[in-house]
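Engineer: sequence-free structure coming up:
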C-alpha cells in the first residue's frame, strides 16, 4: 500500500503530459493550453511517488515493484544504498517530471526527464537513462500501476449511513434514562 498512495498523482501527471502532447500535435494556439502543472505536497507524498516511478531503486527492486513482489530488507550499515530517507525526502525536497519535445529525433518525439532536487535522476524503468521516451515511460513505468485505484487499494466501501433524525435519537436516550424498568439490563447500544 505504501507506494501505491502515489497512483492518483501518477495518473494526474500522465494525464497532464498527454494533454500537452495533444495540444502540441493539434497546434493549439499559444496560451490556450497548460504549459506547466505545479503540485505542492509534503514528504509523505514525495516518498511514495519517488518509489512508484522507481527513483533511487537498485538492481531488481524496480522489477519487484512492477511485479508487486515484496522487497528484501535493506543492507545493514555500513553498506551504502541509493534509497536513503535523507536523500529521497530532504527538507524542501522536490521532484520535477519535465516533458521535452524533440521533433528531430526519429525514434521518439517526446521525452520525460526526471529531476530530484534539481538534479537529473536516471530511471530504472528506462534502462537508467536520464531522458526516457514518453511511450516507454508510459508503458514501463506508469501503466503497470494504473490497474490500482484508491477505492480498490484501500478497500473503501462507499456506503451511505442510515440517517436517523435527531428527535428519534433524543427520544431513545430519554426513554432509556427515564424508563421505570431501568434494571440495567439494556445492553443495546444507542447511537447518539
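Structural biologist: Cool, the structure landed. This is a predicted model, so every value here is computed, not measured.

Engineer: so residue 111: helix, strand or coil?
Structural biologist: Secondary structure, DSSP: H, G, I helix; E, B strand; the rest coil: residue 111 is strand.

Engineer: may I have the predicted confidence score for it?
Structural biologist: Looking at residue 111, its pLDDT reads 95.

Engineer: how many residues are close by it?
Structural biologist: Residues contacting residue 111 under the criterion other Cβ atoms under 10 Å number 21. Every C-beta, even on glycine, is put in place using the N, C-alpha and C of the backbone.

Engineer: next one: residue 133 from residue 17, what distance?
Structural biologist: 12 Å (Cβ to Cβ, to the nearest Å).

Engineer: whoops, I mixed them up, residue 171
Structural biologist: Distance, residue 171 to residue 17, using Cβ to Cβ: 58 Å.

Engineer: which of those two has more neighbours?
Structural biologist: residue 17 (20 against 11).

Engineer: and stretch 100-108, end to end?
Structural biologist: End-to-end span of stretch 100-108 (Cα to Cα, to the nearest Å): 11 Å.

Engineer: now do that stretch: distance to the chain's middle.
Structural biologist: Centre-to-centre, stretch 100-108 and its host chain are 28 Å apart (Cα atoms, centre = their mean, to the nearest Å).

Engineer: do the same with stretch 113-122
Structural biologist: Its chain's average C-alpha position is 18 Å from that of stretch 113-122, according to Cα atoms, centre = their mean.

Engineer: can you list the low-confidence ranges for the protein?
Structural biologist: Within the chain, the stretches with pLDDT under 70 are 1, 59, 71, 78, 148-170, 174-176, 179-192.

Engineer: how about the strands in it?
Structural biologist: Taking DSSP state E as the test, the strands found in the chain are 95-101, 110-116, 119-120, 131-133.

Engineer: turn those into a markdown table, columns for distance to residue 25.
Structural biologist: What follows is those, written out as a markdown table (distance: least, Cβ to Cβ, whole Å):
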| stretch | distance to residue 25 |
| --- | --- |
| strand 95-101 | 10 |
| strand 110-116 | 10 |
| strand 119-120 | 26 |
| strand 131-133 | 16 |
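
Engineer: and of these, who's closest to residue 56?
Structural biologist: Proximity to residue 56 (Cβ to Cβ) singles out strand 110-116 among the strands of the chain, at 8.0 Å.

Engineer: show residues contacting the closest one.
Structural biologist: 17, 21, 50, 53, 55, 88, 93-102, 105, 120-121, 123, 130-135, 137 (Cβ atoms under 8 Å, 6 or more residues apart in numbering).

Engineer: surely residue 34 is in contact with residue 21?
Structural biologist: No. Applying Cβ atoms under 8 Å as the test, residue 34 and residue 21 come out as separate, 11.7 Å apart.

Engineer: so which of the two has more stuff around it?
Structural biologist: Legend: neighbour count by other Cβ under 10 Å for residue 34 and residue 21, higher for residue 21 (15 against 9).
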